[in-house]
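**Q** This is the structure alone, sequence omitted:
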């Protein structure tokens, strides 16, 4: 994808609620944002706990988001407002079947005046177990030129 591409700072926060317990995770990386008329595409590489690299590509539309991860873990997850989606999360320790129901997607695109913010509220059922509530908040900020 050529054209309107810019380097950005990515902060991805997830909150998972499971039987009253909350788990939080934050990933901060540098990525590339491609903005087109009807969608934004964000790519970034995440460093896993073991030092391996996981490539991430998020395609963001108004009411639909696609997340593709490749590397030691692989998945292709789609969030579509008020719809159920299924995918398989491939992990070195085995595959996990995921059922995801997206409650709401809110996206404010990155502009010269404001940071980009994506929030997704959804539930996930792993391998048919009890569903857990998730909230994803992605903040996209312009990366200051360091060259």
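**A** Nice, thanks for sending it over. All values reported here derive from a predicted model rather than from experimental measurement. Numbering: from 1, shown residues only.

**Q** who's residue 75 bridged to?
**A** residue 69 (DSSP bridges).

**Q** gap between it and residue 20?
**A** Per C-beta to C-beta, to the nearest Å, residue 75 is found 27 Å from residue 20. Any C-beta I mention is one placed from the backbone N, CA and C, and that applies to glycine too.

**Q** same check, this time on residue 47
**A** Counting by C-beta to C-beta, the separation of residue 47 from residue 20 is 31 Å.

**Q** ok, the two, which is more surrounded?
**A** residue 47 (11 against 5; other C-beta atoms under 10 Å).

**Q** Find the nearest non-adjacent residue to that one, please.
**A** In space, and not counting its chain neighbours, residue 47 is closest to residue 53: 6.2 Å by C-beta to C-beta, 6 or more residues apart in numbering.

**Q** count of residues packed around that neighbour?
**A** 11.

**Q** what's the answer for residue 67, then?
**A** For residue 67, the count of nearby residues is 19 (other C-beta under 10 Å).

**Q** Specify the beta-bridge partners of residue 135.
**A** residue 15, residue 121.

**Q** and it, how many neighbours does it have?
**A** Residue 135: 17 neighbours (other C-beta under 10 Å).

**Q** residues touching it, list them.
**A** 14, 15, 119, 120, 121, 122 (C-beta atoms under 8 Å, 6 or more residues apart in numbering).

**Q** Can you tell me the element the closest residue to the first one other than its chain neighbours falls in?
**A** What it means is residue 14. Nearest in space to residue 14, with sequence neighbours left out and distances taken as C-beta to C-beta, 6+ apart, is residue 25 at 4.8 Å. Counting by DSSP states H and E, the element that carries residue 25 is strand 21-35.

**Q** Partner strands of that strand, with direction?
**A** Applying DSSP bridges to the sheet, strand 21-35 is found paired with strand 5-18 (antiparallel), strand 40-47 (antiparallel).

**Q** buried stuff in stretch 138-147?
**A** Across stretch 138-147, burial judged by 16 or more other C-beta atoms under 10 Å covers 138, 139, 140.
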